[in-house]
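> Predicted coordinates and the sequence they were generated for:
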Amino acid sequence: MTIAETRAAMRGARRLQRVVAQELMVENGAANGVPVRLYGAWSAGALLYFHGGRFLSGDLETHDLFCRELALLSGCGVCAVDYRLAPEHPFPAALDDGLAVAGWLAERVPWLAVGGDSAGGALAASVAAAVPGWRWQMLFYPMLDARSHQAVPPGPWPNADDMQRGWAAYAEGQRSDPRVSPLLTEDFGLFPPTYLVTAEVDPLREEDLAFAAKLRGAGVAVEHHDYKDMVHGFALMTAEFAQAREAVATAAAALRVAFAGR
């Protein structure tokens, strides 16, 4: 698919998400010039969230229902970042946007967590390693090693080649930079307690497991949930899979516990 077709396909995939009927305060704004969407009562604490899309697709709308559920079920505010996409804006544009929002949020919120899915998971981990003070980290099947190309049995898009397409658009020539590939971070003690979701049929699973092992080796607490038979991106398919609904509810419950312990 072309870049435009890829972006349209991800927007179209919203049909796979269940609609959240409960009312929630939602506000669009800008944080240091970066578009953001704020969910819930976020002034006491917030999860800074980066959407997935392999760095070249996804936006506030593709992840709107997902972020609403996290905010509703956890009681914690969510700040979703509309970072710039590749290939129009290659590395470090998306990371710079994330750091800008992190600085803005840190001045306004006493308790901060960071999270993301897929490419957004890479950005969340990079921001967590770069900025001290995070209390918790939530990663859904994150892209963590731009050098890897782990094959999986034939299955639904996106596959390993799609991941490589995203890396090439975002950071070709810089794949070994730890700010691009968080699995290459020198000091894993920089990361906060981490909640990690993986999927069995996912080309990223092995690098995600390696990341968890390095976190534990550095003394960082890791809560890992692996979902059998699920594919990359499954957590956004809440209208289709019971495991997707379980993954969102379980992650939100963990966020609620972390936020309550502030």
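Yep, that arrived.

> now residue 188: how far from residue 223?
Residue 188 sits 16 Å away from residue 223, going by C-beta to C-beta, to the nearest Å. For glycine as for every other residue, the C-beta is placed from the backbone atoms N, C-alpha and C.

> actually residue 204, sorry about that
On the measure of C-beta to C-beta, residue 204 and residue 223 end up 18 Å apart.

> higher neighbour count, the two?
Remark: of residue 204 and residue 223, residue 204 carries more neighbours, 25 against 17, as counted by other C-beta atoms under 10 Å.

> ok, the more buried one - contacts?
118, 141, 142, 143, 144, 148, 150, 163, 198, 232 (C-beta atoms under 8 Å, 6 or more residues apart in numbering).

> doesn't residue 224 fall inside a helix?
No: counting by DSSP: H, G, I helix; E, B strand; the rest coil, residue 224 is not part of a helix but strand.

> and it, how many neighbours?
15.

> Report the buried residues of the helix or strand in which residue 12 is found.
Here residue 12 sits within helix 3-12, counting by DSSP states H and E. Judged by neighbour count (16 or more other C-beta atoms under 10 Å), helix 3-12 contains these buried residues: 6, 7, 10.

> In a strand, residue 88, correct?
No: counting by three-state DSSP, residue 88 is not part of a strand but coil.

> From residue 57, how far off is it?
Distance of residue 88 to residue 57, computed by C-beta to C-beta: 12 Å.

> Same question for residue 257.
Distance of residue 257 to residue 57, given as C-beta to C-beta: 32 Å.

> next one: residue 120
Taking C-beta to C-beta, one finds residue 120 at 11 Å from residue 57.

> shared neighbours, the two?
Common contact partners of residue 120 and residue 57 (C-beta under 8 Å, 6+ apart): none.

> Span of stretch 96-114 from start to end?
Distance between the two ends of stretch 96-114: 15 Å, counting by C-alpha to C-alpha, to the nearest Å.

> Looking at residue 88 and residue 57, which one has more neighbours?
residue 57 (27 against 10).

> A helix includes the more buried one, no?
No: going by three-state DSSP, the assignment for residue 57 is coil, not a helix.
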